[in-house]
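> The following block contains a protein sequence and its predicted model.
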Amino acid sequence: MTEPSGIRYYDLRQVSGQSTHIDVDKGVIESAGTIFFNKAVIRVLGPRGWGILEFDNYSHEPGKKFNELLASAQKLALVADDTVNLGDGSRIVRPVPLVKEDCRDVGIEEKAELLLAIEKAADLPLVTSRRANYSERIEKVRFMDSSGNEYCYEICRSGFSVMAVASRNGTVQMGYEPDHTIRGFNLRHREEMGRKAAATAVALLDAGAAKGGKMHAILDPELAGVFAHEAVGHASEGDLIEEGNSILKGRTGEKIGDDRLTIVDDPSLHEFGFEPVDAEGIAAGRTEIIRAGKVNAFLHNRQTLAAIGNGVAGHARAMPGEPPLVRMSNTFIETGDATDDEIFSECKDGIYLAGSRGGQVDPGRGVFQFNAEYGYLIENGERTRMVRDVSLSGEILKTLHGIALCGKKRVMHSGYCGKGGQSVPVSDGAPLVLLRDAVVGGSGVD
Amino acid sequence: MRWWVAVAWIEELFTVGEQRVDELEVYGFSGTSISADLKQRHVSLCSSSVETGLCIRTIDKGKIGSSSTNDPQQWQACLDAAIAGGRLAMPQEWKGLPDPVALPKTDFAWDPDLVVEPATAQELLAGMLEGALEYPDATVTSGGAGVAVGEITFANSHGVRYTSRQSDVSISLEAISGQSTGYEFDHAFSRSQVNPQRVGEQGACLASRSAGGKDIPSGEYDVVLSPMAYADLLSGIFIPALSGRNVLQGRSKLATKIGETITAPLLSFFDDPHRVGATGSTWFDAEGTPTRRLDFVRVGVLTGFAYDLKTAYRAGLQSTGSAIRGGFAGLPAIGHHNFVVDGERDEVFDEPAIYVHSVVGAHTANPLSGDFSVEMSNPFWVRDGELAEPVRGAMLTGNFFDLQRQVAALGKESRAVGSYILPPVKINNVRVIGK
């Protein structure tokens, strides 16, 4: 069978590899195991949209079999009745950063021992439960398309998390510390992470519930990073803009935040969301979503770039065996020039919020929510009483005007982001940030 | 469930594996699916997926190992990896994999007539688009329709050989009117059990009717949580506290409360794995243990927790048949099949309240303490027995464990939301934070 005619474009993305996990619960290795996977996706662009095949164990060779697959995908594409054009972008593949120690050079027994030590370090008085996980994922990615672009790379992402639960008189609290990285094996000499999780859990036993309402808030770099991700990142994704499901649609150039606010997504940064090249074979660099308070650029794949413009392609990402979606990678608020002291004295009375269990956004409505693990009241510029379980909600178009000061040092935190049933590695970050008139949710009352 | 058809490599796996370890099991899955997506009112893509996979678990002197692969031809490498992982594990109290039991050979959620073709997805999308036209001021932003069939194969070295088939139809639609969004979905095992016109109409209706909402002041309100909102909070907070593993390891607030009244007396929570037509129904769990009804809360009183084999053996108990897997690659973990919220039914709209259709951020709640604060989506005032004006948005906050005592009524109609089957739930005196 020859290559079918009438195909405007096709690509193949195959991801094979293995993932390993170790799960430790109260000093016991609960489970350890390996998953092997080999998944492929073929996308064919027909006259009016996409036909997509997802399948396992593809052996990479052109010829009759491949042309049959193209024909099957082309048949699916006939169902579509959309208008699709493709933009283009930078065709480079960035090298995967070198690592100090390769996970593959460390035996699973040694990994387990190191993880046990981190988990053991969380064994402080009042801690009643501990748990730690290690995960490592090696992916070999092969891509080819009908325009002759072809690439191949291998990347290893690994990391761990440790959790501690403290209880006293029926009050139960937890502390959680994760660290995931593309920079190589990270389990050595990390017992401080276990101690930190335990210390947080124990300290929270004495924390009160925050009283909800409108107040000034200082966000630590981790939480401010989640804020950038939820409040701005998702709403700038080109597919949502194209569907008409983002409040940022049609607002290019509009001022939605303070002059000091710049928010960036950059898949080329050597952080957890790093991609050598995206899932359509395009390498995006720094994209300033918000520049000096104005809507500046959207995150795009090839299709949404052609449909919407304003921004660059190179933001298409996918889980193995899934079709690419427009996604964030490493998202952050740029640093400013305020010192920590200035931020606290400017806040005067309010709340300092730290850590996060994540957040969520309704980009069409422009409403977001995200959660801090703990915080402290700020009284007269000083941190005072500890509070627990504080959430923030806000409206994208209003809240960004409230970012009044940004600190001088940015810190990135790694995690995973879910969209359309796919979870991809990301990092978020920011400096210390002052947010005026934040809507804070807490269950405390006077 | 059907008669077991011998699969050559599985029998070979047991022959080889039993010489190396005390016991082993294999869980296999194969399935195909077709889905199509909407971008506004156009079909933007159609996709077809074929998936196979297997997970091998080995037990040797109390040490459990596991490995999975999506290539059945690689079962030998997979077995080696499982045994290697098992060597690392610490031995635990283990009393054996389940023995075979004669289970009924019927499938609970299987429609042999389901057509897994693009035409089915196309027709479902068209139905939703037609329904959405009822509210012309709402614009469809996205939507999806998927049809899938799959077969599970489960076998262990004690001679268990089970198979089951399942089919699945799922649809969803998102719409927007100005800055007001609406989302509706449905899922069932059969095409005839989902109503695309209704889903389209409801998604558009929510967007249309939520536009122009007014702020509300902070305070305590009586709140009606929709099945979606209640299921979202249950799954983030209450469900983890019912896991035997969390109970055993000191991570459940309910651990010491068996026999105590923990919710309003009108509430009962149970897992019903034998509900005909429910997508989670099954005769056997992910470890081959026969399933049964499991009562968690009976008329307000906490009656039980969920256990898999490993946790049950460790606690000196029996498995409750509660092992589930998140796909073939996932290890068995404690969960539920169909989590049912039930009790005496009543009117929930007969007195003024705030209706909350869904919540934003339920996964950020604290599962240990139960404290949560989430943003409401599509909230409305309830007046004169129906939904009245929309509320612009506010946060809902409190302790989800404590709030169960304030449940005042369960609505008359239940619906399926993922693995939950539940009615709207009215809870009195819930703290709301206005903007």
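Arrived safely.
> Domain-wise, how is the chain divided?
Since you didn't name a chain, this refers to chain A. A:9-204, A:209-443 (automatic domain parsing).
> could you do chain B instead?
B:8-207, B:213-435.
> quick one: terminal-to-terminal distance for the shortest one?
The stretch domain B:8-207 measures 54 Å between its terminal residues, going by C-alpha to C-alpha, to the nearest Å.
> Packed most tightly, which of the domains of chain A would that be?
Highest mean neighbour count among the domains of chain A (mean count of other C-beta atoms under 10 Å in any protein chain shown): domain A:209-443, with a mean of 22. Heads up, the C-betas are built off the backbone N, CA and C, glycines and all.
> gap between the nearest residue to A:Glu322 once chain neighbours are set aside and A:Leu325?
The shortest distance from A:Glu322 to any non-neighbouring residue, by C-beta to C-beta, 6 or more residues apart in numbering or on different chains, is to A:Gln422 (5.2 Å). From A:Gln422 across to A:Leu325, the span is 6 Å (C-beta to C-beta, to the nearest Å).
> so what sits against both of those two?
Taking C-beta atoms under 8 Å, 6 or more residues apart in numbering or on different chains as the contact rule, A:Gln422 and A:Leu325 both touch A:Ala318.
> Would you mind giving the domains of chain A as JSON lines with distance to B:Asp272 and mean pLDDT added?
Shown next, in JSON lines, are these (distance: least, C-beta to C-beta, whole Å; pLDDT from 0 to 100):
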{"stretch": "domain A:9-204", "distance to B:Asp272": "29", "mean pLDDT": "95"}
{"stretch": "domain A:209-443", "distance to B:Asp272": "26", "mean pLDDT": "95"}
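> Of the ones you listed, which is nearest B:Thr320?
Nearest to B:Thr320, of all these, is domain A:9-204, at 18.9 Å by C-beta to C-beta.
> Work out the gap between the closest one and the centre of the chain.
In terms of C-alpha atoms, centre = their mean, to the nearest Å, the centre of domain A:9-204 is set 12 Å apart from its chain centre.
> for stretch B:354-364, same thing?
17 Å.
> Using PDB, write out every CA atom in it.
The C-alpha trace of stretch B:354-364 is given here as PDB (Å, rounded to 0.1, in the frame of the first residue of the first chain):
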ATOM      1  CA  ILE B 354     -28.300  28.200  48.100                       C
ATOM      2  CA  TYR B 355     -27.900  25.400  45.500                       C
ATOM      3  CA  VAL B 356     -24.300  24.600  44.600                       C
ATOM      4  CA  HIS B 357     -24.000  22.800  41.200                       C
ATOM      5  CA  SER B 358     -20.300  22.100  41.500                       C
ATOM      6  CA  VAL B 359     -17.200  23.200  43.300                       C
ATOM      7  CA  VAL B 360     -13.700  24.400  42.200                       C
ATOM      8  CA  GLY B 361     -10.800  23.000  44.100                       C
ATOM      9  CA  ALA B 362     -12.200  20.000  46.100                       C
ATOM     10  CA  HIS B 363      -8.900  18.200  45.700                       C
ATOM     11  CA  THR B 364      -7.100  20.900  47.700                       C
END
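> The stretch 101-250 of chain B against chain A: which residues are in contact?
B:118, B:121-122, B:139, B:141-142, B:174, B:176, B:179-181, B:218, B:245, B:249-250 (C-beta under 8 Å from any C-beta of the partner chain).
> now with 10 Å?
B:117-119, B:121-122, B:125, B:139-144, B:174-183, B:207, B:210, B:218, B:220, B:236, B:241, B:245-246, B:248-250 (C-beta under 10 Å from any C-beta of the partner chain).
> which of those count as buried?
Buried members of these, scored by 16 or more other C-beta atoms under 10 Å in any protein chain shown, are B:118, B:121-122, B:125, B:139-144, B:174-177, B:179-183, B:207, B:210, B:218, B:236, B:241, B:245-246, B:248-250.
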